[in-house]
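1. Turn this into a model:
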Amino acid sequence: MLDIVALGELLVDLVHKGDNEAGYPILHANPGGAPANFLCAAAACGAQTAMIGKVGSDAFGRMLTETLTERGVNVQGVTATPEAFTTLAFVTVDKNGDREFSFARKPGADMTLSVEDLRYSLLRNTRVFHFGTISMTAEPSRTATRKAVEIARESGAMITFDPNYRASLWRDEGEAAEQVLWGVKNADIVKISEEEIRLLLNETPEEGARRLVEKFHVKLALVTLGEKGVFFASKNASGLVFAFRDLKPVDATGAGDIFAGSAITKILQSGKAPEELTCEELTEICRFANAAAGISVTRSGGIPSIPGSAEVEAYLTKQQG
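-> Prediction:
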């Protein structure tokens, strides 16, 4: 039995890292994709993980599958296609570490994932199934995503969801909101950003988190607030956990995914259902996940920036001291 299976995009982040002598941009290639970042963070915390996705039959596709394998993620559910290139994301980063994305994805290999590509044995043998909406921006990957959620839920898995909204990948905000809402309605735990809460519910993070629990019956809502931290809410507890201000941002790519992968793994390791966790327990889980994400933003890239569990624990011990 696996701990976590995730489905979605595997892609390469091409990050602008200065210019050459002629004034042209230098791009550094880093392995990424929100579900892949999430799984690598979970694996770093000791979870047994597996990925379902699609890459191109090209050098970048091979790099991605090799990277996941090196990070301890099972790639039996990753297929390669000669019909589309591995998706590329061009990432510009400002002085605060905030990112803007442009995608080479018309189509990208991740969009061609179909129901026939799904590895059902993985979906039927996992404690958690995780997905986002980038795999729901087009067909056939939208239908494949929904089918995977159905199979995992029928098999008893807890469903976790991160919208990971990227405006440029949608025809309009209405379509995006519709797919985000479907994900929320089918999830037990939702990790969502402040921007996404406003898109979906037009409410503050605190109001939105409580609405997810009360109206949509989400068992636990985690609203990430960037440098401000995270607000959590369940039927029994809620609270704000501040980020660590001594960690200076260099590149925030993947930080939300790393937070989510770390938090979900710690919830699994608690042995409790998410709605049964106390305020104190959720605070400690979010502190750990904030530290993991905070350390990651001091480094470049998504997957390459993920700290090991021991490094996070050592940082937290130092903070307490």
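
2. residue boundaries of the strands in the protein?
-> 2-7, 11-19, 25-32, 49-56, 73-81, 87-93, 99-104, 126-132, 158-162, 189-193, 220-224, 230-233, 238-241 (DSSP state E).

3. the inter-axis angle of the first one versus strand 126-132?
-> It refers to strand 2-7. Here strand 2-7 points in a direction 20 degrees away from that of strand 126-132 (axes from the mean of the first three to the mean of the last three C-alpha atoms, to 10 degrees).

4. Can you give the strand pairings for strand 2-7, parallel or anti for each?
-> As defined by DSSP bridges, the strand partners of strand 2-7 come to strand 49-56 (parallel), strand 126-132 (parallel).

5. Deepest in the core, which of those is it.
-> strand 49-56 (a mean of 27; mean count of other C-beta atoms under 10 Å). C-beta coordinates here come from the backbone N, C-alpha and C atoms, glycine included.

6. Show the average pLDDT along that strand.
-> Average pLDDT, strand 49-56: 98.

7. What about Arg245, how many residues nearby?
-> 10 (other C-beta atoms under 10 Å).

8. One more: Thr143?
-> With other C-beta under 10 Å as criterion, Thr143 counts 13.

9. distance of it from Tyr315?
-> 42 Å (C-beta to C-beta, to the nearest Å).

10. So for the residue nearest the centre of the chain, what's the pLDDT?
-> In the chain, the residue lying closest to the centroid (C-alpha atoms, centre = their mean) is Asp257, at 3.3 Å. On the pLDDT scale, Asp257 is placed at 97.

11. got it, and Asp162?
-> 97.

12. follow-up on the earlier one: which one of the strands paired with strand 2-7 lies nearest to Thr92?
-> The minimum distance between Thr92 and the strands paired with strand 2-7 falls on strand 126-132, with 21.6 Å, by C-beta to C-beta.

13. who touches that closest one?
-> Here strand 126-132 makes contact (C-beta atoms under 8 Å, 6 or more residues apart in numbering) with 1-8, 34-35, 38-39, 50, 123, 145, 148-149, 152-153, 155, 157-164, 183, 260, 264, 268.

14. ok, 6 Å please
-> The contact list for strand 126-132 (C-beta atoms under 6 Å, 6 or more residues apart in numbering) reads 2-8, 34, 145, 152, 157-160, 162, 164.

15. With stretch 152-162 instead?
-> Residues from elsewhere that reach stretch 152-162 (C-beta under 6 Å, 6+ apart): 123-124, 126, 128-130, 132, 183, 187-191, 260, 264.

16. Enumerate every residue touching the residue nearest to the centre of the chain.
-> Residues near Asp257 by C-beta under 6 Å, 6+ apart: Ala34, Asn37, Phe38.

17. Now with 8 Å, please.
-> Ala34, Pro35, Asn37, Phe38, Ala41, Asp162, Asn164, Gly302.

18. What of Asp3?
-> So Asp3 contacts Ala42, Ala47, Gln48, Thr49, Thr126, Arg127, Val128, Thr265, Leu268 (C-beta under 8 Å, 6+ apart).

19. quick one: which of those is nearest Phe85?
-> Of the contacts of Asp3, the one sitting nearest to Phe85 (C-beta to C-beta) turns out to be Thr49, at 25.5 Å.

20. residues in contact with the residue lying closest to that closest one once chain neighbours are set aside?
-> Excluding its sequence neighbours, the residue lying closest to Thr49 (C-beta to C-beta, 6 or more residues apart in numbering) is Leu39, at 4.4 Å. Shown in contact with Leu39 (C-beta under 8 Å, 6+ apart): Ile4, Ala6, Thr49, Ala50, Met51, Leu68, Arg71, Val73, His130, Gly261.

21. let's see it at 7 Å
-> Residues counted as contacts of Leu39 (C-beta atoms under 7 Å, 6 or more residues apart in numbering) are Ile4, Ala6, Thr49, Met51, Val73, Gly261.

22. Quick check, the third one in contact with Phe38.
-> No: between Thr49 and Phe38 there is no contact under C-beta atoms under 7 Å: 8.8 Å.

23. pLDDT of stretch 73-86, averaged?
-> pLDDT averaged over stretch 73-86 gives 98.

24. got the buried residues for that stretch?
-> Val73, Asn74, Val75, Gly77, Val78, Thr79, Thr81, Ala84, Phe85, Thr86 (16 or more other C-beta atoms under 10 Å).

25. Could you pull out the helices in this structure for me?
-> 34-44, 59-70, 120-123, 141-154, 173-185, 194-201, 205-214, 255-270, 279-296, 309-320 (DSSP state H).

26. which parts of the fourth one are buried?
-> The reference is to helix 141-154. So helix 141-154, judged by 16+ other C-beta under 10 Å, has buried residues Ser141, Arg142, Ala144, Thr145, Arg146, Lys147, Ala148, Val149, Ile151, Ala152, Arg153.

27. Same question for the second one.
-> Buried residues in helix 59-70, counting neighbours by 16+ other C-beta under 10 Å, are found at Phe60, Gly61, Met63, Leu64, Thr65, Thr67, Leu68.
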